[in-house]
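Colleague: next come a sequence and a model predicted from it.
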Amino acid sequence: MNRAVLITGMGCVSGLGTGTEESWQRLKAGQGAIRPIARDGMEGCAAAVDDMAALTLPPSDDLRRLGRLDPLSLFTLIAAGEALAQVGLTGSSSLDRRTAVIVGCGSGGNATIDTAYQRLFGQGQAKVHPQTIPSSMIAAPSAHVAMLHGIHGPAFTVSSACASSAHALGEAMHIIRAGRVDVAIVGGAEACLNRGSWTGWHSLGVLAPDSCRPFSKDRKGMVLGEGAAMLVLESEDHVKARGARPLGRLAGYGASSDAGQMTAPDADGMAAALRSAHDDAGLALGAPLLVSAHGTGTVLNDKTETAALHAVYGDWLDRHRVIATKSAHGHIIGAGGAMEFVLGMQALTEGVAPPTLNYLGPDPECDLPLAIGGGTFVADALVSNSFAFGGLNAVLIGTRA
């Protein structure tokens, strides 16, 4: 089977705000979430932060039985709740056996692990909280969504670093196409703005001290963010049968592996995923496109992605417009692909290319039709890139419904 896959719900939470509309309006207006971070032991770099610690879910008996929630699961449940509220499936039999839950995460519950290690190694205690393992496991977000919404279909986590949620969306699309389920609640989450995780990234030497400046001269590295983005995907037949209104279509997906180095990207691997996505969607390379770049703001990644885009699109590249939303919400690791796809679909629908923030001027190695000041741009499709450590590449293509 090869059924069309439609998007009927979208939800997100990050430093940009809580909810798709708030996040999109702030992005479109050029209001980024990046600022210096002043948490204990995490000074010296910027991060995409907001008052994420104040986020909660309404208390309920169903919520209590989930146990102790790490921020990783909390973010996921908030985003999934928003997406599901849009689609009118509450109480539907489809949510029982014919729905999948797939969440992409780069790592598990970092805050829970930090707290446990502080008790064990910092305070010399013999035990940690009894909910440490179930709260911190990387499968917790998908399990929590299934438990809260009564979903008995396949539920699992995809973990492929910064491509996790893009892979999750693409694989969910194939599961629906194959007829295994009618609906998928899918996306990604990451909660890495804690001391242990941040110290690991800082020690790697890839964090910028000031801001995220994708494809700009004098860029100094990436900026961490955190949050979640979740979508509801449905088969076209299922959408029509219940008279729902789709928001767009997930039309194509391409994936590849560089099979090279852990932290050095490869333009050929990126190009392979791009071409595969176009083939899957049946989309011409010369059609006007809105390209949501991976655009981390690191010297090596940005110039490598530029080379891949030139290799695939050639002389057609100037017909397209490239956006780089990490300049506003930071790098949300496992949630990045889903967040950028959600915001990219908003941009595609409205015919607006949001501005790329913090730009200091052109870099000759990053010659792209970059949306710097923002503005209108009508495209046939969205191409959303996610290129992860380990050479794990995923590209999604979205179109209007």
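Modeller: Great, that's in hand.
Colleague: so what's the nearest residue to residue 136 once chain neighbours are set aside up against?
Modeller: Distances taken as Cβ to Cβ, 6 or more residues apart in numbering place residue 109 nearest to residue 136, at 3.6 Å, with adjacent residues excluded. (C-beta placed from N, C-alpha, C; glycine too.) Residues in contact with residue 109 (Cβ atoms under 8 Å, 6 or more residues apart in numbering) are 70, 71, 72, 73, 135, 136, 137, 138, 140, 191.
Colleague: the fourth one should be in a strand, yeah?
Modeller: No - read with DSSP: H, G, I helix; E, B strand; the rest coil, residue 73 is helix and lies in no strand.
Colleague: tell me the confidence at residue 119?
Modeller: If you check residue 119, the pLDDT there is 94.
Colleague: the closest residue to it other than its chain neighbours: how many residues sit nearby?
Modeller: Counting by Cβ to Cβ, 6+ apart, residue 119 lies nearest to residue 125, which is 4.6 Å off, once chain neighbours are set aside. Applying other Cβ atoms under 10 Å, we find 11 other residues in the vicinity of residue 125.
Colleague: gap between residue 125 and residue 197?
Modeller: 22 Å (Cβ to Cβ, to the nearest Å).
Colleague: show me this structure divided up by domain.
Modeller: 5-241, 250-399 (automatic domain parsing).
Colleague: in terms of mean pLDDT, which of these ranks lowest?
Modeller: Among the domains of the chain, domain 5-241 carries the lowest mean pLDDT, at a mean of 93.
Colleague: list the helices and strands the helix or strand hosting residue 141 packs on?
Modeller: Element membership of residue 141, judged by DSSP states H and E, is helix 140-149. On a contact count with 3 or more Cβ pairs under 8 Å, 6 or more residues apart in numbering; DSSP states H and E, helix 140-149 meets helix 61-64, helix 71-87, strand 99-105, strand 155-158, strand 183-190.
Colleague: partner strands of the last one, with direction?
Modeller: The pairing partners recorded for strand 183-190 under DSSP bridges are strand 99-105 (parallel), strand 227-235 (antiparallel).
Colleague: of those, which is nearest residue 269?
Modeller: strand 99-105 (18.9 Å; Cβ to Cβ).
Colleague: and that closest one, how far out from the chain middle?
Modeller: 13 Å (Cα atoms, centre = their mean, to the nearest Å).
Colleague: ok, now stretch 47-64?
Modeller: Offset of stretch 47-64 from its chain centre (Cα atoms, centre = their mean): 19 Å.
Colleague: just the terminal-to-terminal distance for that stretch.
Modeller: End-to-end distance for stretch 47-64: 32 Å, by Cα to Cα, to the nearest Å.
Colleague: and stretch 315-326, what's buried?
Modeller: For stretch 315-326, burial by neighbour count (16 or more other Cβ atoms under 10 Å) applies to 317, 320, 321, 322, 323, 324, 325, 326.
Colleague: out of the residues you listed, which are inside strands?
Modeller: Residues of the buried residues of stretch 315-326 located in strands (DSSP state E): 321, 322, 323.
Colleague: relative to residue 288, how far out is the first one?
Modeller: For residue 321, the distance to residue 288 (Cβ to Cβ) stands at 8 Å.
Colleague: repeat for the last one
Modeller: According to Cβ to Cβ, residue 323 stands 14 Å off from residue 288.
Colleague: same question, the second one
Modeller: From residue 322 over to residue 288 the distance is 12 Å, taken as Cβ to Cβ.
Colleague: over to residue 110?
Modeller: Counting by Cβ to Cβ, the gap from residue 110 to residue 288 is 40 Å.
Colleague: who has more neighbours, these two?
Modeller: Comparing residue 110 with residue 288 by neighbour count (other Cβ under 10 Å), the higher total belongs to residue 110, at 24 against 13.
Colleague: give me the nearest residue to that one, chain neighbours excluded.
Modeller: Nearest to residue 110 is residue 197, by Cβ to Cβ, 6+ apart, at 4.4 Å.
Colleague: count of residues packed around the one you found?
Modeller: Residue 197 sits with 22 neighbouring residues when counted by other Cβ under 10 Å.
Colleague: repeat for residue 156
Modeller: The tally of other residues near residue 156 (other Cβ under 10 Å) stands at 14.
Colleague: same check, this time on residue 151
Modeller: Neighbours of residue 151 (other Cβ under 10 Å): 22.
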